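Enquirer: Need coordinates for the following:
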Amino acid sequence: MTPLPHNVAVTKLDELVRWCRKNSLWPMPFATACCGIELMATGASRHDIARFGAEVFRFSPRQCDLMIVAGRVVMKMLPVLQRIWQQMPEPKWCISMGACCSTGGVFDTYSVVQGIDRFLPVDMYVPGCPPRPEQLIQSIIDLQDKIQRDGGEKGSGIRN
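Expert: The predicted model follows:
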């Protein structure tokens, strides 16, 4: 009997790990404004985010691997947001939900962050003011596809 190449088990294990990561995203909500209402609606029974493996919103960063930043972020909240991001274990992903979070929206002032991607690596952007729950669900599906394809490791090209 000929031995199998050494990389056969590793490749299959990588696929299993990708599948597990894809289907067990634990979101950490960081909702500061009206987008937070739509984020809560996404977790409610009508839209049921649990169908996609992101069932339970965790409020402890050490248990989360997906941060959903919804709404405007002011400069005073930025250190808190960054601290929460640093406390999350690797691999981790970030969704920027809404126009205010992605670009500052209508709040073009010195006190509002003009896009969190200047301070955090963002994987998915959800446009809208506020975006509908269906848009957030679609971004989670797209993120799951990227995780399945790339694995979500550093340097895998998962960042947009």
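
Enquirer: could I get the lengthiest helix in the chain in CSV with only the CA atoms?
Expert: In terms of residue count, the longest helix belonging to the chain (DSSP state H) is helix 133-150. What follows is helix 133-150, C-alpha atoms only, in CSV (Å, rounded to 0.1, in the frame of the first residue of the first chain):
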residue,chain,number,x,y,z
PRO,A,133,-31.8,43.9,7.4
GLU,A,134,-31.8,42.1,4.0
GLN,A,135,-28.7,44.0,3.1
LEU,A,136,-26.9,43.1,6.3
ILE,A,137,-27.9,39.4,5.8
GLN,A,138,-26.5,39.6,2.2
SER,A,139,-23.2,41.0,3.5
ILE,A,140,-22.9,38.1,6.0
ILE,A,141,-23.6,35.6,3.2
ASP,A,142,-20.8,37.3,1.1
LEU,A,143,-18.5,37.2,4.1
GLN,A,144,-19.2,33.6,4.6
ASP,A,145,-18.3,32.9,0.9
LYS,A,146,-15.0,34.7,1.4
ILE,A,147,-14.3,32.8,4.5
GLN,A,148,-15.0,29.5,2.7
ARG,A,149,-12.9,30.5,-0.2
ASP,A,150,-9.9,32.1,1.6
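
Enquirer: mean confidence for that helix?
Expert: For helix 133-150, the mean pLDDT works out to 90.

Enquirer: Contacts made by that helix with the rest, please.
Expert: 18-19, 21-23, 25, 38-39, 41-42, 46-47, 49, 52-54, 66, 68, 93, 95, 97, 123-128, 152, 156-158 (Cβ atoms under 8 Å, 6 or more residues apart in numbering). (Each C-beta comes from the backbone N, C-alpha and C, glycine too.)
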